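next comes the sequence, and after it the predicted model I'd like to discuss.
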Amino acid sequence: MTESILRLDAICKSYNVGTPVETEVLHGITLALMQSEFVALKGPSGSGKSTLLNIIGLLERATAGTLEIAGQATQLQDDAALTAMRGRTIGFVFQFHHLLPAFSALENVLLPSIIAHGTVTEPSEANAMELLRRVGLQGSEYKRPGELSGGMQQRVAIARSLSLMPRLILADEPTGNLDTVSANEVFGLLREFNHDHGSACLIVTHDPGLAARCDRSIELVDGRLVHL
């Protein structure tokens, strides 16, 4: 039986709670992602996509509702527990790569392992080297981000997001600032890891061509899912 990696039930999010300007931006979001599923999240600007992704990524807390990741409920976890869960379970890929400019490609990919284990281990370094090879950057391991093209930098970011083999990959417009060729390469890499490792992937995209290549699409409009 396919395992549920992500499950949201009646998730709501409000800001300025208890004040005259309290505003609810997510209204009862219910959603499930299964192991190996690759899902596009679409919607106009201001629809709540980033807020939803932040809640799923354990960067913000929902005001109401329940969220489970890999079978673990999150609503009663303290911040330390959520940080640990995020580190071992979720991989993030953003539109802008957020690489550390003073670090080499290899060092950037090693960062999640260093944060998780406090040091670089031989297995983690071998894994980082293999990930860079798989994203087509063999021979560029010791180059800094400024020496790499935009597409290459995004591939480093993908390798970094996958370094701890996360169960859930969250990608926020990962191809938004890339040319068509680089965008297709980045999408293909995410699809490859999704297939090879069974990770669930939720990708925010405005590109209808990329969305059509996902297993299914969901749409968020004014804080509500309108199409499943």
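Nice, thanks for sending it over. Everything numeric here is computed off the predicted structure, so don't read it as measured data. Numbering: from 1, shown residues only.

can you tell me what sits against stretch 220-228?
Contact with stretch 220-228 is made by 13, 24-31, 41-44, 47-49, 52, 216-219, as judged by CB atoms under 8 Å, 6 or more residues apart in numbering. For the C-beta atoms, the positions are set from N, CA and C on the backbone; glycine is no exception.

can you tell me the SS state at the most centrally placed residue in the chain?
Nearest residue to the geometric centre of the chain (CA atoms, centre = their mean): residue 170, 1.8 Å. State at residue 170, reduced to three classes by DSSP: H, G, I helix; E, B strand; the rest coil: strand.

all helices for the chain, in order.
49-56, 79-89, 105-117, 122-134, 150-161, 180-197, 208-212 (DSSP state H).

weakest of the ones you listed by average pLDDT?
Looking over these, mean pLDDT reaches its minimum on helix 180-197, with a mean of 82.

report the inter-axis angle for it versus helix 122-134.
If you take axes from the mean of the first three to the mean of the last three CA atoms, to 10 degrees, helix 180-197 sits at 140 degrees to helix 122-134.

show me what helix 180-197 is packed against.
strand 38-42, helix 150-161, strand 168-172, strand 200-204 (3 or more CB pairs under 8 Å, 6 or more residues apart in numbering; DSSP states H and E).

show me the contact partners of it.
With CB under 8 Å, 6+ apart, helix 180-197 has contacts from 36, 38, 93, 134-136, 149-151, 154-155, 158, 162, 165, 169, 171, 174-175, 178, 199-201, 203, 207, 210, 213.

and the gap between the closest residue to residue 199 other than its chain neighbours and residue 45?
Closest residue to residue 199 apart from its sequence neighbours, by CB to CB, 6 or more residues apart in numbering: residue 169 at 5.2 Å. Going from residue 169 to residue 45 by CB to CB, to the nearest Å gives 23 Å.

over to residue 148?
29 Å.

who has more neighbours, the two?
Between residue 148 and residue 45, counting by other CB atoms under 10 Å, residue 148 is the more crowded of the two (18 against 7).

is it true that that one touches residue 157?
No. The criterion here is CB atoms under 8 Å, and residue 148 misses it with residue 157 at 10.6 Å.

so for those two, which residues contact both of them?
With contacts taken as CB under 8 Å, 6+ apart, residue 148 and residue 157 have no neighbour in common.

show me what contacts residue 47?
Here residue 47 is in contact with 220-223 (CB under 8 Å, 6+ apart).

which of these sits closest to residue 128?
Taking CB to CB as the measure, residue 128 lies nearest residue 220 of the contacts of residue 47, at 34.3 Å.

skipping adjacent residues, who's closest to that closest one in space?
residue 43 (3.8 Å).

repeat that for residue 138.
That would be residue 132: by CB to CB, 6+ apart, it lies 6.5 Å from residue 138.
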